[in-house]
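> here's my sequence, what's the structure:
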Amino acid sequence: LGAACHYDGTKLDVETFTEAPLDTICIDLIMYQSDELYEAALTFLTERWGQMQRLISFFPQVTLLASATLPVFETFDRLELDFQQLRYYVRSYEVWGVHS
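You can find the predicted model right below:
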């Protein structure tokens, strides 16, 4: 156990070792006579493409910035730092019930 282990995640990628698109594999699984395979494959496809639909539905609310400056936060980096600090405060309050 002392030796370092290196795992290559690409070897677990179904699309890589089957050379077939994941959607095609799921559609093939749906055609089997197994209710469990049918349900799992259809659920996966629904979640996969349902997320895409939710993402597309948010596109009208996206604002593209013409420059790297923001009116209130000055820069995107400053906004990101402030957001990280806010996240810390929220998590701290959730865990301890106090603002640290």
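
> report the separation between residue 50 and residue 22.
For residue 50, the distance to residue 22 under the criterion C-beta to C-beta, to the nearest Å works out to 15 Å. To be clear about C-beta, it is placed using only N, CA and C from the backbone, and glycine gets the same treatment.

> between the two, which one's more packed in?
Neighbour tally, residue 50 and residue 22, criterion other C-beta atoms under 10 Å: the higher count belongs to residue 22, 14 against 10.

> quick check: the more buried one touching residue 28?
No - using C-beta atoms under 8 Å, residue 22 makes no contact with residue 28, being 10.6 Å away.

> per-residue pLDDT of residue 10, please?
At residue 10, the pLDDT value in this model is 67.

> actually residue 99, not the one I typed
According to the model, residue 99 scores 55 on pLDDT.

> other residues contacting the lowest-mean-pLDDT helix or strand in the chain?
The least trusted helix or strand in the chain, going by mean pLDDT, DSSP states H and E, turns out to be strand 69-70, with a mean of 72. Surrounding strand 69-70, the residues in contact under the criterion C-beta atoms under 8 Å, 6 or more residues apart in numbering are 75, 76, 78, 79.

> poorly predicted segments of the chain, please.
Within the chain, the stretches falling below the threshold (pLDDT under 70) are 1-10, 97-100.

> longest helix in it, by number of residues?
When the chain is scanned for its longest helix (criterion: DSSP state H), the result is helix 35-58.

> chain center to that one: distance?
Here the centre of mass of C-alpha atoms in helix 35-58, compared against the chain's by C-alpha atoms, centre = their mean, to the nearest Å, lies 13 Å away.

> which other helices and strands does it contact?
When contacts are defined as 3 or more C-beta pairs under 8 Å, 6 or more residues apart in numbering; DSSP states H and E, helix 35-58 packs onto helix 22-30.

> what helices or strands is the helix it packs on leaning on?
Judged by 3+ C-beta pairs under 8 Å, 6+ apart, the packing partners of helix 22-30 are helix 14-18, helix 35-58.

> got the buried residues for the last one?
The reference is to helix 35-58. The neighbour-count check on helix 35-58 (16 or more other C-beta atoms under 10 Å) flags 41, 45 as buried.
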